[in-house]
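Q: need a 3D model of the following:
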Amino acid sequence: MHRLAVFGNPVAHSRSPEIHQMFAAEAGIDVTYEKVLVPLGEFRLVAEAFFRQGGTGINITVPFKQDAFNFVDVLSGGAQDAGAVNTIVRLPNGLLKGENTDGAGLVSDLQKNLGWILAGKSILLLGAGGAVQGVIRDILNAEPKNIVIANRTAAKAVKLVDGFADKRITANPLSELLGPFDVIISGSSAGLAENAGPLSLPLSLLESHTCCYDMIYGKATPFRSWSSALPSAQCADGLGMLVEQAARAFELWFDVEIDGGSVLERLRKSI
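A: Here you go, the predicted structure:
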């Protein structure tokens, strides 16, 4: 029996146990998966105890992705680019490796589940925090024409762009955006705030072919309201990203291939 867990604070809302149990049933692997409410400031103590007691792997949610980054023995290239770890894998030699599966999960949902094409497309990323930083490398690997990062604090977007040193990425103030874009992805935390106001973005960013994706799922957001102003634009929430990033984590733990799409379909029906 393999012991898995998700560490967070809060963590009661997490769908990870349900998702990973479905993966385990599909793969024929026996697992237990628990939610661990980690006291602030005690991530290292709790994580060390988990692996000392034979744990196989951990998923990390807010606010501990940076703690996990500093805790592990080795980092994947994706985790280094993201500056954060959302999955910890215990290697055969006993070392703990930090991975970040958010970008792979997003791209998998966009291209496999939704059928959106990223290659050769013009992409707008809204936000410049950890959620956006964690997906840039995987979007670049999908060979887009260009990526524009826009944020309320323009300096944060510029700093993020400078960190990747890729000519396909530029930073623009929200007030100076010129469209249209083929794909618009919101990774802004503003949509999580209660009573968030309407999004002040020009509708000229949208055309009938534009695909709009909100990393947030399970609630209405200003971005979803704005993007639905053009009925012909395709819109999706981040539930598929949640499932697909989890699938990549499960594959890292057990070296098996997981069909995230079938689990996503079942999960949507249960919500």
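
Q: give me phi/psi at residue 74?
A: phi -140, psi 150 (degrees, to the nearest 10).

Q: state the pLDDT value of it.
A: On pLDDT, residue 74 comes in at 98.

Q: quickly note the distance from it to residue 99.
A: From residue 74 across to residue 99, the span is 10 Å (C-beta to C-beta, to the nearest Å). For every residue, glycine as well, the C-beta is placed using N, CA and C.

Q: of those two, who's got more company?
A: More crowded of residue 74 and residue 99, by other C-beta atoms under 10 Å: residue 99, with 26 against 12.

Q: report the contact partners of the more buried one.
A: By C-beta atoms under 8 Å, 6 or more residues apart in numbering, the residues touching residue 99 are 76, 78-79, 85-89, 249, 252.

Q: from these, which is closest to residue 23?
A: Each of those was checked against residue 23 using C-beta to C-beta; the closest is residue 249, at 9.1 Å.

Q: check which helix or strand covers the closest one.
A: Of the helices and strands defined by DSSP states H and E, residue 249 is found in helix 239-254.

Q: what lies in contact with that helix?
A: Identification of contacts with helix 239-254 by C-beta under 8 Å, 6+ apart yields 2, 4, 15-16, 19-20, 23-24, 27, 29, 56-57, 59, 86-87, 89, 99, 101-102, 104-106, 108-109, 112-114, 215, 217-218, 256-260, 263-264, 267-268, 271.

Q: which parts of the chain are helices?
A: Taking DSSP state H as the criterion, the chain carries its helices at 16-27, 43-52, 65-71, 77-82, 102-108, 130-133, 136-141, 154-164, 222-227, 239-254, 260-270.

Q: may I see these arranged in JSON lines, with mean neighbour count as well?
A: Putting the helices of the chain into JSON lines (neighbours: other C-beta atoms under 10 Å) gives the following:
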{"stretch": "helix 16-27", "mean neighbour count": "19"}
{"stretch": "helix 43-52", "mean neighbour count": "16"}
{"stretch": "helix 65-71", "mean neighbour count": "19"}
{"stretch": "helix 77-82", "mean neighbour count": "20"}
{"stretch": "helix 102-108", "mean neighbour count": "24"}
{"stretch": "helix 130-133", "mean neighbour count": "24"}
{"stretch": "helix 136-141", "mean neighbour count": "20"}
{"stretch": "helix 154-164", "mean neighbour count": "16"}
{"stretch": "helix 222-227", "mean neighbour count": "21"}
{"stretch": "helix 239-254", "mean neighbour count": "24"}
{"stretch": "helix 260-270", "mean neighbour count": "16"}
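
Q: turn those into CSV, including mean pLDDT and distance to residue 35.
A: Converted to CSV, those look like this (pLDDT from 0 to 100; distance: least, C-beta to C-beta, whole Å):
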stretch, mean pLDDT, distance to residue 35
helix 16-27, 95, 6
helix 43-52, 98, 12
helix 65-71, 96, 16
helix 77-82, 92, 23
helix 102-108, 97, 19
helix 130-133, 90, 21
helix 136-141, 96, 27
helix 154-164, 91, 31
helix 222-227, 89, 27
helix 239-254, 97, 14
helix 260-270, 89, 17
